[in-house]
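Enquirer: Sequence and computational prediction follow.
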Amino acid sequence: MILEAVLLQVISGKQADFERDFAAAGKIIRASPGYIEHSLSKCIEHDNKYLLLVQWETLEDHTVGFRQSAAYQDWKQLLHKYYNPFPTVEHFARLI
C-alpha cells in the first residue's frame, strides 16, 4: 500500500466551491484501478489549507494508472483552478 499525501492551499474565498467540486471529484478517483480510500481534512489554523491523503495499492496505480487516464483530466478540470501555489505530491510507504 502506498500513501499519497498532498497539502492543498486553496485560493482564499474559494473554499466552499472547492469543497463542493472535491465531493464530485471523489467519485472520479474512487473509480480508479488500485484506489483504496481517501480523506480530505481541513486545517484548523488556516481555513484555506487542506490535507489530501489517498491510499493506492501501488505507486504506479497513482502515477501511471490515474495520472495518465482520461479520468484524471476530469479531476484536473474540477480542482486545479483552486490551488495557489500548486501542490507538491509525495508518496509514502508504511514501515510499521
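Expert: Yes, it's here.
Enquirer: next structured bit after the particular helix or strand that has residue 9 in it?
Expert: Using DSSP states H and E, residue 9 sits in strand 2-9. Going down the chain from strand 2-9, the next helix or strand is helix 15-30, by DSSP H and E.
Enquirer: Mind listing what's buried along the strand holding residue 9?
Expert: For strand 2-9, the neighbour count (16 or more other Cβ atoms under 10 Å) marks 2, 4, 8, 9 as buried. Using the backbone N, CA and C atoms, a C-beta is placed for each residue, glycine as well.
Enquirer: Just checking: what are the partner strands of it?
Expert: strand 49-56 (antiparallel), strand 89-93 (antiparallel) (DSSP bridges).
Enquirer: Of the ones you listed, flag the one that's most buried.
Expert: strand 49-56 (a mean of 18; mean count of other Cβ atoms under 10 Å).
Enquirer: who touches it?
Expert: Outside of strand 49-56, the residues within contact range by Cβ atoms under 8 Å, 6 or more residues apart in numbering are 1-10, 18, 29, 34-43, 62, 66.
Enquirer: Same check on stretch 3-10?
Expert: So stretch 3-10 is in contact with 18, 48-56, 62, 82-85, 87-94, going by Cβ under 8 Å, 6+ apart.
Enquirer: Repeat that for stretch 20-29.
Expert: With Cβ under 8 Å, 6+ apart, stretch 20-29 has contacts from 35, 38, 40, 54, 66, 71, 74, 75, 78, 79, 82.
Enquirer: got it, and stretch 75-89?
Expert: 4-11, 14, 17-18, 21-22, 24-25, 28-29.
Enquirer: What mean pLDDT does that stretch get?
Expert: When pLDDT is averaged along stretch 75-89, the result is 97.
Enquirer: Show me how far it is from its chain's centre.
Expert: 9 Å (Cα atoms, centre = their mean, to the nearest Å).
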